[in-house]
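[1] quick check, what structure comes out for this input:
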Amino acid sequence: MAKRFRLLFFALMAVALFALAACGATEEEGNEEPAAEETEETTEGAEEEEQEEQVAEGTGELVVYSSRNEDFVNALLEKFEQDTGITVQPLHAGDNAVNRIKGEAGNVQADIFISNDIGALEHLRLEGLLEGSDPEGVESIDEKYRAEDNSWIALSARTRVLMYNKDLISEEEMPKTIEELTDPKWEGDFAITRGGNGGMIAHVSALRQELGDEETKEWISQVKDNAGAILEGHGDIRRAVGAGEFKFGLVNNYYYHQQLREPTDNNVGVIYPDQGDDEMGAVVNAAGVGLIKDAPNGENAQA
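    Got it, this is the predicted structure:
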């Protein structure tokens, strides 16, 4: 049976507002989490300052700001350099990237912004900080996955799922909806991420659109009380579930596949929640790339 998904484009502004509120936190997906997993960790002080110097002193052939984990971005940037001969100056700014771009309006430093969240990209577009484009072949990309003026394009999507430990609970016993996480029967049995985590921010934004603010606030309160732990990132959740510390956890779908590849603690399964005919479907968000308006190296950004 085909799975039902709720794409997060309807919640773009809510996502952006939540993201801005979370800016300045020293984390990332740890924010999403550590290195080879999608952490969106914020780059720490000295390291970020060093990157800023490199951007300022470099040739500026293409300056890329990124809020994604470096492991998801560096190979792409290296391939771009190889294919085009254009030197890339990256700044991994984590959760601070959006505010940095807004603060540089009128004195634009970046050419490209790679974001872990399309909500942030749409927010920048609505603020007039992204440049429309008409790249070759863009019509082959579904309109749901790009801005109306093609100023940003989604790169990869992720789905919110419930990953569970098969040694502790069966698929039949698992909750089938996000709402069920408020049921007292699951008290202490599952783990979630902190409220500032990018994946959780996006999920809550989708719930605000679907359920309204009051019901969403109630859901947040009840889930926080019910959760066995509120962990830093999704990598922490997948490892804890795999090790049997919790029956299940709320994560992005690729963490399930990461846990399957572990040499041990890999007897896990996954549930795509809210698949009933009258249910909202699993929440989907995406990472994407946007063109900064008035970029100093605009032609290279179109390469």
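
[2] domains in this structure, by residue range?
    8-157+287-301, 160-285 (automatic domain parsing).

[3] quick one: average pLDDT of the longest one?
    To tie it back to what came earlier, the one meant is domain 8-157+287-301. Average pLDDT, domain 8-157+287-301: 76.

[4] in CSV, list the domains of the chain along with mean neighbour count.
    Every C-beta, even on glycine, is put in place using the N, C-alpha and C of the backbone. Formatted as CSV, these follow (neighbours: other C-beta atoms under 10 Å):
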stretch, mean neighbour count
domain 8-157+287-301, 19
domain 160-285, 19
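
[5] how about the closest residue to residue 184 other than its chain neighbours, what does it touch?
    Leaving aside its chain neighbours, residue 184 sits nearest to residue 226 (6.9 Å; criterion: C-beta to C-beta, 6 or more residues apart in numbering). Contact partners of residue 226, counting by C-beta atoms under 8 Å, 6 or more residues apart in numbering, are 181, 182, 183, 184, 186, 187, 188, 190.

[6] quick check: the second one touching residue 219?
    Yes - with contact defined as C-beta atoms under 8 Å, residue 182 and residue 219 form a contacting pair (6.1 Å).

[7] how far away is the residue nearest the centre of the chain from residue 157?
    Geometric centre of the chain, nearest residue: residue 116, 4.2 Å, by C-alpha atoms, centre = their mean. Distance, residue 116 to residue 157, by C-beta to C-beta, to the nearest Å: 12 Å.

[8] intersection of neighbour lists for the two?
    Counting by C-beta under 8 Å, 6+ apart, the shared contacts of residue 116 and residue 157 are residue 287.

[9] name all residues that make contact with residue 221.
    Counting by C-beta under 8 Å, 6+ apart, there are no residues that residue 221 touches.

[10] can you tell me the element it falls in?
    Using DSSP states H and E, residue 221 falls within helix 213-226.

[11] what's the answer for residue 270, then?
    strand 268-271.

[12] what about that strand, distance to the chain center?
    Distance of strand 268-271 from the chain centroid (C-alpha atoms, centre = their mean, to the nearest Å) equals 20 Å.

[13] strand partners of that strand, parallel vs antiparallel please.
    According to DSSP bridges, strand 268-271 has the following sheet partners: strand 152-165 (antiparallel).

[14] in which helix or strand would I find residue 133?
    Residue 133 belongs to no helix or strand when assigned by DSSP H and E.

[15] using the three-state scheme, assign the nearest residue to it once chain neighbours are set aside.
    Distance criterion C-beta to C-beta, 6+ apart; nearest residue to residue 133, sequence neighbours excluded, is residue 150 at 4.9 Å. Three-state assignment for residue 150 (DSSP: H, G, I helix; E, B strand; the rest coil): coil.

[16] wait, residue 150 touches residue 130, no?
    No - proximity of residue 150 to residue 130 does not meet the contact threshold set by C-beta under 8 Å, at 9.7 Å.

[17] identify the contacts common to those two.
    Common neighbours of residue 150 and residue 130 (C-beta under 8 Å, 6+ apart) do not exist.

[18] ok so, going back, residue 298: which of the contacts of residue 226 is nearest?
    Lowest distance from residue 298 to these (C-beta to C-beta) belongs to residue 181, with 45.9 Å.
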